[in-house]
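> Below are the sequence and a predicted model for it; my questions follow.
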Amino acid sequence: MGVAHPTDIGVEPGIAAAVSRLTVVPQRRYGIWIGTAFALLLAFLIIRAFASNPAFAWGTAAGYLFHPSIMRGLGNTLVLTVIIMALAIVVGTVIAIMRVSPSPVLRAFAGVYVWFFRGVPALIQLIFWFNLSLLVREISLTLPFLGTLFSVRTNDFMTPFFSAVVALSLCEAGYMAEIIRAGIKSVPSGQAEAASALGMPYRMILKRITLPQAMRFVLPPTGNEAINLLKMTSLVTFIAVDDLFYTAQSIYARTFETIPLLIVVAFWYLAVVSILSVGQHFLERHFGRSDTRREPLTKRALRNVISLRGAAR
Amino acid sequence: MSDVRSDNRARFGVPADSMVFARGVRKTYGSLEVLKGVNFDVPEGSVACIIGPSGSGKSTFLRCINHLEKLSGGILLVDSQFVGYDLQGDRLYEVKDDLLCRRRAEIGMLFQSFNLFSHMTVMENLIEAPTQVRRIPVDQAKAEAEILLRRVGLADKVDRYPRELSGGQQQRVAIARAMAMKPKVLLFDEPTSALDPELVGEVLQVMRDLAESGMTMVVVTHEIGFAREIGDQLVFMDGGVIVERGAPREMIANPKSPRTREFLSRVL
């Protein structure tokens, strides 16, 4: 139509000048500026309050950090967490396998288990098991012809520590069962089918094919559960198990240094949670290994360095 | 054991060279009848191809052969033996799981979606069943697996995970995995249907090599060209019955049944 088109590369000299005069003005995000200023102010106020208020008594807190009683309490908290988590994973796996079983009775049993132990608050379950002797005075095994084989008074074995382990593992197993069941369901059905076609029996398929693949889905929420459980064990204070919180309480009941000791307790819980989070990260990487394309760490690091240098240019 | 086989041969008229023998096979899900009486023979060392529209019951029939699906009626014998039952008098007793597994291990199966164990490397996939089910020593299983991987042209992928392989490579590994159990017969359930067109050829080539080595194969497929070239017999299923069967070239060139003709005109 008689209009002179520009060539494929380059712009006509007249237009080029007009284009090069243009500058881009970034959008002004006043909301973010105000929010940032507000957050900085708040952080300053909090830190000042923590540092300047003598009632925090940081020196006292530091003095109690490695106190022998606190160390013993921390040890008990860790032992409780490990034992309960281990039992919860074992019981939870059994319940989860029952929930995906072909038998409707097993499925129903597992369903009721999860419904009950997730539904009743952990503290109530804890106190219930601690008071089991009110319900059952003694446990004995009596067989015909042989007489009573053994008999124990409930109070003799339902120590605070033992009832804490029983109550919290049964409770935690309810949560673990749901996590593991979801993991099992997430494994494509073709995997188990291929395994049966190769002649693998049901139990072998569960152990070698389904559960290992479920692990990838099960691990992240299990890490969260472990962290939750660590904190949940502080409930055992109610039945006088000398965990971290209980020992701190018994010190400040004497000395009235409540805040410093709560700081000590918070510090140790935070420290252990941080370590657990790091452990969780490495476990997830281990079980996710078939997921990611394999590339040696050094090679990946090298590539990152190169791409960073490329970006810098 | 050979007694059971000769008894069955005499009683049901199973030919001496029979690998798969089906008479009146029926399968129902509730009120839905998927297989309405299928008679089917695969002689040892031959290749049978099953074609038919989706929903015709061909995959269900294949899954009946290794007892992944229980029959609702009729009989199905592999190598002149029942897979899921023991025959005593006129009663078919369901066998215990471990015996069923042992018999099933002799029938290899390949799937449309490959179903390699995704948490295991190629080598681990191949030695899993031999070492766990057959209790073969790991070293021996590995040596055999390497030979099989060379046969399917994937010797260099030993330490890869399934996700790192193309669909065609995954299906070739799956074939090697099935072969590691030294099966009497291989069942293929649409082995190339999930593959990109350019990857179909490499899988068909491996299947062609297997057929030439004398492997007994039952192949449910949409690859009419493969059926014509490799198949010893071609079966057309529709509506839960076998509509037509014959020599592949003859049947594809001039099908007798109008339903076969219509199906072939759509896929060719």
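Happy to help now that I have it.
> Give me the residues contacting stretch B:71-90.
Stretch B:71-90 has contacts (C-beta atoms under 8 Å, 6 or more residues apart in numbering or on different chains) with B:4-6, B:8-9, B:12, B:14, B:18-28, B:35, B:37-38, B:64-67, B:70, B:92-95, B:100, B:103-104, B:106-107, B:184-185. All C-beta atoms are positioned from the backbone trio N, CA, C, and that covers glycine.
> pLDDT at residue 144, what is it?
As the question left the chain open, I've gone with chain A. The model reports residue A:144 with a pLDDT of 79.
> Sorry, I should have been clearer: chain B.
You'll see residue B:144 listed with a pLDDT of 96.
> For it, pull up the helix or strand it's in.
In the assignment (DSSP states H and E), residue B:144 maps to helix B:138-151.
> for residue B:237, same thing?
Residue B:237 belongs to strand B:233-238 when assigned by DSSP H and E.
> Quick check: next helix or strand after that strand?
Counting by DSSP H and E, the element after strand B:233-238 in chain order, helix or strand, is strand B:241-246.
> Just the residues contacting that following strand, thanks.
With C-beta under 8 Å, 6+ apart as the criterion, strand B:241-246 contacts B:35-40, B:52, B:57, B:233-237, B:251, B:255-257, B:259-260.
> Describe which strands that strand pairs with in its sheet and in which direction.
strand B:233-238 (antiparallel) (DSSP bridges).
> I'd like the average pLDDT over the strand it pairs with.
95.
> Filter the contacts of stretch B:71-90 down to the ones in helices?
B:4-6, B:8-9, B:12, B:64-65, B:100, B:103-104 (DSSP state H).
> Of these, which is the nearest to residue A:97?
Set against residue A:97, the nearest of the ones in helices among the contacts of stretch B:71-90 by C-beta to C-beta is residue B:100 (20.6 Å).
> I'd like the distance between the residue nearest to the closest one when sequence neighbours are not counted and residue B:21.
Distance criterion C-beta to C-beta, 6 or more residues apart in numbering or on different chains; nearest residue to residue B:100, sequence neighbours excluded, is residue B:84 at 5.7 Å. Distance, residue B:84 to residue B:21, using C-beta to C-beta, to the nearest Å: 15 Å.
> out of those two, which sits in the busier spot?
residue B:21 (23 against 20; other C-beta atoms under 10 Å in any protein chain shown).
> And the residue nearest to the more buried one when sequence neighbours are not counted, how far from residue B:25?
Leaving aside its sequence neighbours, residue B:21 sits nearest to residue B:77 (C-beta to C-beta, 6+ apart; 4.5 Å). To residue B:25, residue B:77 is 11 Å away according to C-beta to C-beta.
> swap in residue B:205?
Applying C-beta to C-beta to residue B:205 and residue B:25 gives a distance of 32 Å.
> Compare those two (neighbour count), which wins?
More crowded of residue B:205 and residue B:25, by other C-beta under 10 Å: residue B:25, with 23 against 14.
> residues from chain B in reach of chain A?
Within chain B, the residues that sit near chain A (C-beta under 8 Å from any C-beta of the partner chain) are B:66, B:68, B:97-98, B:101-109, B:111, B:113, B:115-121, B:128-129, B:132-133, B:160-164, B:174, B:177-178, B:181.
> Which secondary structure elements does the lowest-mean-pLDDT helix or strand in chain B sit against?
Counting by mean pLDDT, DSSP states H and E, chain B has its least confident helix or strand at helix B:2-12, which shows a mean of 86. In terms of contacts (3 or more C-beta pairs under 8 Å, 6 or more residues apart in numbering or on different chains; DSSP states H and E), helix B:2-12 is packed against strand B:18-29, strand B:73-78, strand B:81-82.
> Which PyMOL command selects the buried ones in the residues of chain B next to chain A?
In PyMOL syntax, the buried subset of the residues of chain B next to chain A is picked out as below (16 or more other C-beta atoms under 10 Å in any protein chain shown):
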select buried, chain B and resi 66+68+101+103+104+105+106+107+108+109+111+113+115+116+117+118+119+120+121+128+129+132+133+160+161+162+164+174+177+178+181
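> Residue of chain B closest to chain A, please.
residue B:105 (2.7 Å; C-beta to the nearest C-beta).
> Run a quick neighbour tally on the closest residue to that residue other than its chain neighbours.
Distance criterion C-beta to C-beta, 6+ apart; nearest residue to residue B:105, sequence neighbours excluded, is residue A:199 at 2.7 Å. A count of nearby residues for residue A:199, using other C-beta under 10 Å, gives 24.
> just the one 5 residues further on next, same as before
Using other C-beta under 10 Å, residue A:204 has 18 other residues around it.
> List the residues that contact it.
By C-beta under 8 Å, 6+ apart, the neighbours of residue A:204 are A:195, B:132-133.
> do the same with residue B:183
B:105-108.
> list the helices and strands the one helix or strand residue A:281 maps to packs on?
Residue A:281 belongs to helix A:258-287 when elements are defined using DSSP H and E. Using 3+ C-beta pairs under 8 Å, 6+ apart, the elements in contact with helix A:258-287 are helix A:58-64, helix A:68-99, helix A:211-232, helix A:244-255.
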